[in-house]
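Engineer: starting from these lines, generate the structure:
(one chain, ligands or ions: 2)
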Amino acid sequence: MTEQLAEHYKEILTGLGEDLTRDGLKDTPMRAAKAMKFLTRGYTQSLDEVVNNAIFESDNDEMVIVKDIELYSLCEHHLLPFIGKCQVAYIPTGKVIGLSKIARIVDMFARRLQIQENLTKQIADAVMEVTQAAGVAVIIDAKHMCMMMRGVEKQNSVMTTSVMLGQFRKSQATRTEFLNLVRS
Ligand SMILES: Nc1nc2c(ncn2[C@@H]2O[C@H](COP(=O)(O)OP(=O)(O)OP(=O)(O)O)[C@@H](O)[C@H]2O)c(=O)[nH]1
Ligand SMILES: [Zn+2]
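Structural biologist: Numbering: from 1, shown residues only. Ligands and ions are numbered 1, 2, ... in the order given. Down below sits the predicted model:
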């Protein structure tokens with residue numbers, strides 16, 4: 001699979017008018033193939049595997065927030081990076097999830113070809129599925145290289161997406177508490 005990708009990178013480099021035999025490019029097709037496999041490794045992961053049964057009983061039913069989880073993804077339109085931060089909150093109902101697992105869930109979906117809206121929803125749905133929480137909220141702020149390095153070339157615009165499920169959707173007070181805590 002990686003060898004096959006490397007062959008395609010040779011064609012891309014040739015298509016760009018490059019000389020595949022020059023010293024600096026000798027190992028590039030294989031390097032690029034390995035890098036792309038790494039950047040999309042989320043395709044090889046499943047929710048069960050990343051959570052690894054790290055779900056614990058707890059009678060705490062107050063909001064839990066994990067702030068500023070950095071994310072690196074690739075936009076599915078241009079295969080260029082979008083880079084940002086993710087805020088995840090949930091309201092437990094008897095079960096809490098291992099702290100690192102939330103970041104692992106974010107990564108599993110970020111390391112695929114994405115648009116930011118779908119990524120946000122996939123993270124929220126996955127956290128809901130594994131915790132059976134009373135509510136889940138996810139906010140992503142990200143900068144898209146396809147808007148910065150090319151296209152409209154806007155360097156300062158940030159895209160914000162959010163998904164609110166359960167209590168976060170139903171209760172204005174819950175949403176306000178969450179927004180105050182993440183934006184503070
Ligand atoms: N909604 C959304 N749009 C995205 C995301 N990433 C990239 N895009 C947009 O996808 C669109 C693709 O538009 P097209 O007109 O088909 O492609 P294009 O000619 O390369 O567009 P420009 O970027 O405007 O030059 C662009 O407007 C991108 O900004 C994302 O995560 N969410
Ligand atoms: Zn793009």
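
Engineer: quick one: the residue lying closest to His144 once chain neighbours are set aside from ligand 1, how far?
Structural biologist: Closest residue to His144 apart from its sequence neighbours, by C-beta to C-beta, 6 or more residues apart in numbering: Phe82 at 4.3 Å. (Glycine included, C-beta is placed from N, CA and C.) Distance, Phe82 to ligand 1, using C-beta to the nearest ligand atom, to the nearest Å: 6 Å.

Engineer: just to be sure, Phe82 is in a strand?
Structural biologist: Yes - counting by DSSP: H, G, I helix; E, B strand; the rest coil, Phe82 is part of a strand.

Engineer: I'd like to know the beta-bridge partner residues of it.
Structural biologist: Beta-bridge pairing for Phe82 (DSSP bridges): Ser73, His144.

Engineer: pretty sure it sits against Cys75.
Structural biologist: Yes - in this structure, Phe82 is within contact of Cys75 by C-beta atoms under 8 Å, at 5.4 Å.

Engineer: how many residues are close by Ile55?
Structural biologist: 15 (other C-beta atoms under 10 Å).

Engineer: just the pLDDT for it.
Structural biologist: With respect to pLDDT, Ile55 has a value of 97.

Engineer: need phi/psi at it.
Structural biologist: phi -120, psi 130 (degrees, to the nearest 10).

Engineer: and the longest helix that the chain contains, does that touch ligand 1?
Structural biologist: Counting by DSSP state H, the longest helix found in the chain is helix 116-131. Yes - contact between helix 116-131 and ligand 1, assessed by C-beta under 6 Å from any ligand atom, occurs at Gln116, Glu117.
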